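J.: turn this into a model:
(one chain, ligands or ions: 2)
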Amino acid sequence: MKDAQPKTIYLKDYKAPDFLIDQTDLHFTLEASATVVESRLQMRRNPDSASTDAPLVLHGQEMRLLEVAVDGTTLTEDGYALSSEQLTIHKVGDRFELMTRVEIDPQANTSLEGLYKSRTMYCTQCEAEGFRKITYYLDRPDVLSEFTTTIVADKQEFPVLLSNGNPVRCGDMEDGKHFAVWHDPFRKPAYLFALVAGTLECVEDQFTTCSGRDVTLRIFVEAKDLDKCDHAMCSLKKSMRWDEEVYGREYDLDIFMIVAVDDFNMGAMENKGLNIFNTSAVLANPKTTTDAGFQRVEAIVAHEYFHNWSGNRVTCRDWFQLSLKEGFTVFRDAEFSADMNSRTVKRVEDVSLLRTLQFAEDAGPMSHPVRPPSFIEISNFYTLTVYEKGAEIVRMIHTLIGAEAFRRGSDLYFERHDGSAATIEDFVTAMEEASGTSLDQFTRWYRQAGTPEIAVADEYDQNSGEYRLTLSQSCPSTPEASSEEKLPFHIPVAMGLLGDAGNLALKLKGETPDAETEDNTHRVLELTEVSQTFVFENLPEKPTPVLFRGFSAPVRLQFDYSRQQLVAIMSRDSDGFSRWDASQKLAVAVIGDVQGAYIEKGEGDHPVDALLVEAFRAVLNDESLDPAMVALMLQLPTEAYLTEIAETAHVEAIHFARKHVRRYLAEQLREEWRAAYDRCLQEGEFSVTAAAIAERSLKNTALGYLSLLSEKQSIDLARQQFAQATNMTDEMAALAVLVNADQEGADSVRDEALKDFYTRWQHEALVVNQWFVVQAGCHLPGGLERVQQLMQHEAFTLKNPNKVRSLIGAFCNGNAINFHRPDGAGYEFLADQILTLNGLNPSVASRLLTPLTKWRKYDPQRQGLMKSALQRILKEPELSKDVFEVVSKSLKE
Ligand code: TRP
Ligand code: ZN
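T.: Numbering: from 1, shown residues only. Ligands and ions are numbered 1, 2, ... in the order given. The predicted structure is shown next:
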């Protein structure tokens with residue numbers, strides 16, 4: 001380990017900074033291996049600090065200090081102390097200028113934090129703590145400063161020089177160099193700093209804000225990608241308009257820029273006025289990008305743009321408050337996507353992700369509250385819990401106080417905290433004040449980890465027409481607290497009651513009906529006690545309860561629905577989300593039958609409940625349904641989800657059972673699948689409207705089923721689609737089918753398709769990544785060997801995070817049957833990759849670890865093998881904080 005024992009940082013230790021930085025003046029002279037950064041900081045003691053004579057302690061890592069001066073006087077070595085992470089200046093006054101000059105090596109920076117080179121360009125990534133690799137600074141989000149940045153670089157090689165804010169001036173210098181000066185009038189923490197230099201082209205557009213100001217919009221890319229910027233630009237303009245209309249938020253600078261870079265640890269970064277994007281999160285055109293890719297670009301462009309208010313204008317006091325900006329911004333981007341496309345489809349996709357991956361995280365060794373109480377390495381806390389569960393918490397506030405109060409609360413929050421660093425309490429307080437509702441108990445959602453479980457008991461009395469619904473909550477133990485220690489959550493339960501002919505009127509006993517409520521078949525109950533009974537009156541028949549409509553709270557619902565009840569909800573409930581949810585529950589039950597049979601008797605022609613076939617048939621034949629919903633309802637739950645809901649996951653049983661049920665549905669419904677496929681064939685112009693995407697989704701779902709039929713010709717349809725596709729969605733769907741086909745003669749078809757695809761797309765990195773993903777996901781035997789071979793492919797490199805995720809990540813997370821092979825070779829392979837990446841890019845290495853941390857889900861044999869792979873990693877002497885934290889926590893009993 002670099003430091004003997006990495007230190008844990010605690011929220012309870014938070015202290016206001018001893019110093020403030022009013023002005024930050026940076027001067028960069030860019031050279032690949034010896035970039036010089038000169039910084040002038042106008043500093044003063046913080047009146048809110050507890051100390052009046054504290055020494056000045058600055059963050060700084062991996063730099064060579066060339067000079068340090070206070071108020072123009074260069075310090076000698078006895079004036080300061082230097083360690084691997086800090087520069088301490090013993091004596092400073094109350095107000096002074098600090099000058100430092102450092103040399104850094106962007107060329108050698110493979111961590112992709114701080115200043116680094118991506119292909120031919122320089123770029124930065126400062127969140128969370130990357131700025132300290134650029135210059136000595138108070139690298140904490142509660143120190144806000146006004147930045148001026150000068151960049152000097154070779155003019156030929158780096159014609160474009162960008163930083164935050166507005167361009168001030170630029171000009172030529174001697175030796176073929178040139179310079180540019182940027183000034184950002186908005187005070188900001190260092191994590192929002194950005195710099196870019198390179199040979200870049202740009203697409204430009206204009207946006208007129210609600211108050212009539214013109215904003216220049218630019219997307220910078222390498223010349224070869226100029227044909228992939230339109231969708232992002234269009235998404236940006238929609239986001240700007242939406243934030244004005246829905247949140248009253250106007251953009252504040254005269255220019256907004258996005259830069260696409262190939263080597264990037266995450267999706268994108270919201271640096272003030274200069275967002276930096278992973279190419280995979282911004283580039284899109286129909287030829288190279290799938291529908292899912294288009295929607296991802298739209299969502300991420302919106303997400304980063306929305307951060308301009310929720311994150312930048314109002315930022316976080318400390319990193320424990322990360323969900324303040326991320327949870328809120330994910331909620332904002334989800335609502336934006338829902339408004340732009342299909343609301344129900346978006347909700348189903350988000351809930352699937354949450355229930356499959358966030359629930360698993362919350363039940364595993366890395367489980368933490370949405371506001372974690374401590375961390376070793378903050379990069380490890382950019383998690384599904386902070387982002388997605390954080391967004392669910394904001395959604396619950398929205399549900400509890402209503403849209404109008406929520407908007408007033410949001411206005412109050414932005415107004416009150418504009419230009420400052422806030423906490424989660426500040427956000428909640430604004431919502432409380434605006435709504436007049438206490439959210440005191442509600443804030444436990446931020447402090448208690450784990451997914452609450454809701455048990456339901458119901459009882460109907462024919463004579464009185466009363467229906468008693470008892471909801472009880474509990475929450476499993478997590479590392480920070482045992483189940484017994486946890487206090488009850490405040491849970492909004494959006495619900496309805498379903499009768500034979502449809503939804504029933506809801507009247508709670510003792511409540512006078514509200515004449516103004518239009519829809520008396522839907523309401524939100526508030527569960528605040530450990531157990532609560534709700535009594536409904538005037539019910540003519542025993543109803544089926546439909547609970548957590550729209551997934552109104554991130555909980556596990558435990559209710560033993562009969563299969564008939566699920567079919568009823570699937571076909572008749574008014575809430576699209578609940579209809580989908582019921583279809584999944586029914587599928588889980590039916591797949592469960594086959595899993596049981598497999599465990600008992602091994603492979604075989606086990607029976608599949610005909611109820612599922614008939615329910616699917618009804619959905620397929622219902623042309624009044626949105627085809628996107630039909631597709632979602634007919635896609636069986638993933639192996640990852642089936643694993644997550646199992647107590648102990650039986651890898652082979654899950655794989656066999658899901659495939660077996662899919663095959664059975666393919667055969668039983670072959671005419672219907674074919675009809676759906678033909679119905680959704682599109683002629684005319686390609687478009688990415690929700691309607692067009694929906695048709696492709698259903699068509700390709702049908703294709704997937706049709707290609708499972710055992711006869712040799714059943715893959716001809718996919719072959720034909722692959723050959724004739726005019727867009728990447730259809731092409732990729734067909735390729736995925738061919739790659740997984742096991743009919744007679746499929747091997748040569750697959751090899752040919754893969755070769756042909758690569759030949760055509762080898763110059764499009766993002767398409768090649770998709771080519772890695774499909775192959776990594778191929779469930780036929782020999783998966784590990786195929787992945788190992790692909791790692792030798794000319795297009796693969798461990799230095800590019802997208803490639804790592806596309807090949808290694810896709811294999812370990814999405815190909816259970818091969819990754820979890822019984823001899824543990826998959827685990828050893830992953831451990832090897834993590835050990836290599838640990839030295840190259842700790843944050844990517846640490847994220848890649850996730851599948852190994854889930855060892856508790858598996859049988860004792862596999863548990864042993866997974867743990868021994870983790871133990872081998874832990875023995876590495878030079879382990880990064882990132883990897884150390886995850887491995888050590890996941891091995892704790
Ligand atoms: N703030 C970024 C977002 O929400 C997340 C991010 C991008 C990030 N790059 C990072 C976080 C690198 C940590 C490290 O979109
Ligand atoms: Zn974000």
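J.: which parts of the stretch 251-400 of the chain are strands?
T.: Assigned by DSSP state E, counting those that start in this stretch, the stretch 251-400 of the chain shows strands spanning 255-261, 268-269, 274-278, 314-316, 374-375.
J.: turn the ones you listed into TSV, columns for mean pLDDT, distance to A302 and mean neighbour count.
T.: Placement of C-beta: from N, CA and C, glycine included. Shown next, in TSV, are these (pLDDT from 0 to 100; distance: least, CB to CB, whole Å; neighbours: other CB atoms under 10 Å):
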stretch	mean pLDDT	distance to A302	mean neighbour count
strand 255-261	99	12	24
strand 268-269	99	11	25
strand 274-278	99	11	25
strand 314-316	99	18	23
strand 374-375	98	28	16
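J.: which of these sits closest to K7?
T.: K7 sits nearest to strand 374-375 of all those, at 10.2 Å, using CB to CB.
J.: what about the helix or strand following the closest one, near ligand 1?
T.: As assigned by DSSP states H and E, the chain's next helix or strand after strand 374-375 is helix 384. No - Helix 384 stays clear of ligand 1 (CB under 6 Å from any ligand atom), getting no nearer than 12.6 Å.
J.: ok, stretch 280-289 next?
T.: No - for stretch 280-289, no contact with ligand 1 is found by CB under 6 Å from any ligand atom; the gap never falls below 8.8 Å.
J.: spatially nearest residue to A618 (excluding sequence neighbours)?
T.: Of all residues not flanking A618 in the chain, S571 sits nearest, at 6.2 Å (CB to CB, 6 or more residues apart in numbering).
J.: any idea how many residues pack against that neighbour?
T.: 14 (other CB atoms under 10 Å).
J.: kindly report the same for D214.
T.: Residues near D214, counting by other CB under 10 Å, number 9.
J.: next, the contact list for it, please.
T.: Q206, F207, T208, D254 (CB atoms under 8 Å, 6 or more residues apart in numbering).
J.: helix or strand: which one has D605?
T.: Short version, using DSSP H and E: D605 is in no helix or strand.
J.: check which helices and strands the host helix or strand of S868 sits against.
T.: S868 belongs to helix 860-874 when assigned by DSSP H and E. When contacts are defined as 3 or more CB pairs under 8 Å, 6 or more residues apart in numbering; DSSP states H and E, helix 860-874 sits against helix 825-840, helix 850-853, helix 881-891.
J.: I'd like the average pLDDT over the second one.
T.: When the per-residue pLDDT values of helix 850-853 are averaged, the result is 98.
J.: over to the longest one?
T.: If you average the pLDDT over helix 825-840, you get 98.
J.: in that helix, what's buried?
T.: G826, Y827, F829, L830, A831, Q833, I834, L835, L837, N838, L840 (16 or more other CB atoms under 10 Å).
J.: which among those gets closest to ligand 2?
T.: Closest approach between those and ligand 2, by CB to the ion: L837, at 23.5 Å.
J.: ok, and the closest non-adjacent residue to that closest one?
T.: That would be A845: by CB to CB, 6+ apart, it lies 3.7 Å from L837.
J.: cool, A657 as well?
T.: Nearest non-adjacent residue to A657, counting by CB to CB, 6+ apart: V594, 3.8 Å away.
J.: isn't there a helix covering the one you found?
T.: Yes - counting by DSSP: H, G, I helix; E, B strand; the rest coil, V594 is found in a helix.
J.: in this structure it contacts H606, no?
T.: Yes - between V594 and H606 there is a contact at 5.0 Å, judged by CB atoms under 8 Å.
J.: list residues touching both of the two?
T.: H660.
J.: which residue does the stretch 501-650 of the chain have closest to ligand 2?
T.: P554 (18.8 Å).
J.: show me the contacts for the closest residue to that residue other than its chain neighbours.
T.: Nearest non-adjacent residue to P554, counting by CB to CB, 6+ apart: E392, 4.3 Å away. E392 is in contact with G327, L354, F551, A553, P554, counting by CB under 8 Å, 6+ apart.
J.: the domain parsing of the chain - what is it?
T.: Split into domains by automatic domain parsing, the chain comes to 9-306, 324-559, 562-706, 762-893.
J.: possible to save those domains as CSV with distance to T726?
T.: Shown next, in CSV, are the domains of the chain (distance: least, CB to CB, whole Å):
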stretch, distance to T726
domain 9-306, 8
domain 324-559, 22
domain 562-706, 7
domain 762-893, 15
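J.: all set, thanks.
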